[in-house]
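Participant: Next comes the sequence, and after it the predicted model I'd like to discuss.
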Amino acid sequence: MAGEIQLNGTTALTESGGVVTLNNVDSATNRTNLGLGTAATSASTDFVGASRTITAGTGLSGGGDLSTNRTINVSFSANESNVKTAINASGSAPIYACRAWANFNGTGTVAIRASGNVSSITDNGTGDYTVTFATAMPDANYVIVTTDEHDPGSYYRYTGIDHDSPPSNISFTINSLTSGLGQADIVYFNVAIFR
């Protein structure tokens, strides 16, 4: 039975459930005496009921009862409809992402204007550049797409993979040539890699 002991008309001791609480100590001490710890001051939203679960579904795995730690994995294929919707793609054809790209000035001191997954461009000489990836490709079987500036003269301009330097998973070398003049530097050189 709960009871109180009063001194001079003031409750000094309170007994409840076999635990005697001293009323002249601070609240934190009383919580410790009662074995409550920090739980007594925590918000109800800090606790999750043992019956709360996450159900695995399309693209989800690792669900289950949240009374224990869980890792929820989200996995969608590149051809999943939600992914296509997010990047404004339609139809049933699969999607293959650009794995690296660069827009650079190939004249004078080579300078990258903007890039993605390209760590550097090396100037090997006139119209000869090596592009190095920041993160390596899975292999060397990627596709290199290039564009460059139009020659204002009567010459045709070509870009291609350096015959003497086969691509690797970490870099590739490309050349720029102008018909009748041989290799030439380019002000606007763009490359994109697909794999």
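Facilitator: Alright, I've got the coordinates.
Participant: domains in the chain, as residue ranges please.
Facilitator: Using automatic domain parsing, the domains assigned to the chain come out as 3-45, 53-86, 98-194.
Participant: Could you list the low-pLDDT ranges of the chain?
Facilitator: The chain contains residues with pLDDT under 70 at 1-27, 30, 33-37, 39, 44-70, 150-155.
Participant: where's Tyr188 relative to Tyr129, distance?
Facilitator: The gap separating Tyr188 from Tyr129 is 13 Å, by C-beta to C-beta, to the nearest Å. To be clear about C-beta, it is placed using only N, CA and C from the backbone, and glycine gets the same treatment.
Participant: For my notes, confirm Cys174 occurs in a strand.
Facilitator: Careful, residue 174 is Ile and not Cys. Yes: counting by DSSP: H, G, I helix; E, B strand; the rest coil, Ile174 is part of a strand.
Participant: ok, now which ones touch it?
Facilitator: Contact analysis of Ile174 by C-beta atoms under 8 Å, 6 or more residues apart in numbering lists Asp128, Tyr129, Val131, Ile144, Thr146, Thr159, Gly160, Ile161, Asp162, Val191.
Participant: would you say the third one is within a helix?
Facilitator: To tie it back to what came earlier, the one meant is Val131. No: Val131 sits outside any helix when classified using three-state DSSP, being strand.
Participant: Adjust the sequence numbering to begin at 48 for everything that follows.
Facilitator: Taking 48 as the first residue, the last one we looked at is Val178.
Participant: burial count for it?
Facilitator: 25 (other C-beta atoms under 10 Å).
Participant: pretty sure it is touching Ser215, no?
Facilitator: No: in this structure, Val178 is not within contact of Ser215 by C-beta atoms under 8 Å, at 11.0 Å.
Participant: Only the buried members of the contacts of Ile221: can you turn that into a PyMOL selection?
Facilitator: Buried residues within those, by 16 or more other C-beta atoms under 10 Å, are selected in PyMOL with:
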select buried, resi 175+176+178+191+206+238
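Participant: farthest-separated two in the contacts of Ile221?
Facilitator: Farthest pair in those (C-beta to C-beta) is Asp175 and Ile191. Separation: 14.7 Å.
Participant: Is Ala158 bridged to anything, and to what?
Facilitator: In this structure, Ala158 bridges to Asn152 when assessed by DSSP bridges.
Participant: neighbours around it, how many?
Facilitator: Neighbour tally, Ala158, other C-beta under 10 Å: 11.
Participant: Name the residues that touch stretch 150-164?
Facilitator: By C-beta under 8 Å, 6+ apart, stretch 150-164 touches 145-149, 165, 167-170, 174, 176, 180-182, 223, 232-237, 240.
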